[in-house]
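*Asks:* Give me coordinates for this.
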Amino acid sequence: MSFSRKLVLSVAGNPVVSGVLKKYGMKLGAARFVAGETLKEAIEQVRLLNKDGLVATLDHLGEFVKDEREALASTQACLDVLDAIKASGVNCNMSLKMTSLGLDLSKETCMKHMRMILDKAREVNNFVRIDMEDYAHIDITMEIFDELKREYGKHVGLVIQAYLYRTVDDMKHLETTYENCNLRLVKGAYLESPKVAYPNMVDVDKNYIKIIEMHMLSGHFTAVASHDDKIIEHTKQFAKKNNISRDLFEFQMLYGVRPETQRQLVREGYAMRVYVPYGNDWYGYFSRRIAERPANALFILKNMFRK
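*Replies:* Residues are numbered from 1 along each chain as shown. Just a heads-up that it's a prediction; the model follows:
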């Protein structure tokens with residue numbers, strides 16, 4: 001991980017900095033990356049994306065709840081998302097973080113809430129993506145996903161991170177265990193030890209390409225979540241060379257990042273899904289977006305001094 005990224009994440013954790021940004025961040029520029037604080041605002045943004053040929057995945061932001069009451073509130077927010085998608089008719093599914101559903105309280109609490117959500121997803125015929133979080137949560141996430149995948153099949157998928165040494169082995173397990181294993185492949189955005197993750201981006205990129213090719217050749221659906229032109233072009237050429245149907249993969253990008261490129265991919269005939277976060281608890285997500293790309297920090301600074 002680069003020094004600049006480490007620095008940004010460290011600064012973001014400073015209580016003074018976080019206090020200022022949490023108070024003024026949406027006005028200063030966080031709204032570029034977060035689709036609003038309410039579900040109604042987020043659905044409207046998804047509707048606008050759909051008009052341009054883009055599909056979406058909604059994520060009610062929130063991590064590391066402190067008690068079961070908060071976990072249940074986050075669960076209800078997810079249920080509301082699935083109901084709102086159904087009622088509005090937008091082309092959209094949902095992503096979630098299991099720490100927001102009580103994963104750190106107990107596995108049983110999280111499983112209870114996940115089953116409530118996946119029961120709803122099955123009822124409304126939608127799909128829920130489980131986000132992979134920091135390294136400390138990977139084993140329990142894989143364990144829970146295995147249980148839920150057997151119960152809910154096509155209605156649940158997972159995120160896999162390329163910067164971890166263990167990723168290829170995890171994917172082999174998933175690809176050989178399940179007939180329909182929809183994976184979202186990302187580079188990874190958490191600050192991890194070099195004992196468990198590639199510290200150099202060149203190695204992350206190599207492993208990312210490796211797992212993209214591996215999953216596409218497996219016949220499972222592949223979501224390539226990247227803003228990197230080289231990764232996107234490589235995926236296009238690899239699919240063409242290996243006669244992989246465009247129905248078996250899609251590109252994914254974050255809301256507010258490279259919107260013109262998103263629309264260009266649609267014009268070229270590729271499926272393009274936009275990850276659309278919303279909610280009051282947006283600070284952790286926003287901090288990671290700033291850390292990933294210094295230009296995002298400059299965007300915020302410009303807004304701070306704009307009259």
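
*Asks:* hey, where'd the strands end up in the stretch 201-307 of the chain?
*Replies:* Secondary structure of the stretch 201-307 of the chain by DSSP state E, counting those that start in this stretch: the strands cover 222-225, 249-254, 272-278.

*Asks:* Quick one: those strands as CSV, columns for distance to T38 and mean neighbour count too.
*Replies:* Placement of C-beta: from N, CA and C, glycine included. Output for the strands of the stretch 201-307 of the chain, formatted as CSV (distance: least, CB to CB, whole Å; neighbours: other CB atoms under 10 Å):
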stretch, distance to T38, mean neighbour count
strand 222-225, 25, 24
strand 249-254, 20, 21
strand 272-278, 7, 23
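
*Asks:* quick one: which of those is nearest S74?
*Replies:* With CB to CB as the criterion, S74 lies closest to strand 272-278 of these, at 13.1 Å.

*Asks:* In its sheet, which strands sit next to the closest one, and in what direction?
*Replies:* strand 55-60 (parallel), strand 249-254 (parallel) (DSSP bridges).

*Asks:* starting at the chain centroid, how far to stretch 46-65?
*Replies:* Centroid separation for stretch 46-65 versus its chain: 10 Å, with CA atoms, centre = their mean, to the nearest Å.

*Asks:* Count the residues that sit near H227.
*Replies:* 17 (other CB atoms under 10 Å).

*Asks:* so what's it closest to, chain neighbours aside?
*Replies:* The shortest distance from H227 to any non-neighbouring residue, by CB to CB, 6 or more residues apart in numbering, is to R258 (5.2 Å).

*Asks:* ok, that neighbour to T177 distance?
*Replies:* 34 Å (CB to CB, to the nearest Å).

*Asks:* Next, format the strands paired with strand 272-278 as a markdown table and append mean pLDDT and distance to F127.
*Replies:* Below are those laid out as a markdown table (pLDDT from 0 to 100; distance: least, CB to CB, whole Å):
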| stretch | mean pLDDT | distance to F127 |
| --- | --- | --- |
| strand 55-60 | 97 | 9 |
| strand 249-254 | 97 | 12 |
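
*Asks:* Turn those into JSON lines, columns for distance to S100.
*Replies:* Listed next are those as JSON lines, based on distance: least, CB to CB, whole Å:
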{"stretch": "strand 55-60", "distance to S100": "8"}
{"stretch": "strand 249-254", "distance to S100": "18"}
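
*Asks:* Low-confidence bits of the stretch 1-150 of the chain, can you list those?
*Replies:* Filtered on pLDDT under 70, the stretch 1-150 of the chain yields the residue ranges 1-30, 63.

*Asks:* Helices along that one, start to end?
*Replies:* With helices called from DSSP state H, counting those that start in this stretch, the stretch 1-150 of the chain shows them at 3-12, 15-28, 39-51, 68-88, 107-123, 138-152.

*Asks:* Equivalent analysis for the stretch 201-307 of the chain, please.
*Replies:* Assigned helices in the stretch 201-307 of the chain, in chain order: 201-218, 229-241, 259-267, 283-292, 294-304 (criterion: DSSP H, counting those that start in this stretch).

*Asks:* Quick check: mean pLDDT of the shortest one?
*Replies:* Here helix 259-267 scores 97 as its mean pLDDT.

*Asks:* Tell me which residues are up against that helix.
*Replies:* Here helix 259-267 makes contact (CB atoms under 8 Å, 6 or more residues apart in numbering) with 52-54, 227, 229, 232, 251, 253, 272, 274.

*Asks:* Mind listing what's buried along that helix?
*Replies:* For helix 259-267, the neighbour count (16 or more other CB atoms under 10 Å) marks 262, 265-266 as buried.

*Asks:* picking that back up, which one's more surrounded, R258 and T177?
*Replies:* R258 (15 against 11).

*Asks:* So what does that one look like in phi/psi?
*Replies:* Recorded main-chain torsions at R258 are phi 50, psi 50, according to degrees, to the nearest 10.

*Asks:* Next: V159.
*Replies:* With angles defined as degrees, to the nearest 10, V159 sits at phi -100, psi 140.
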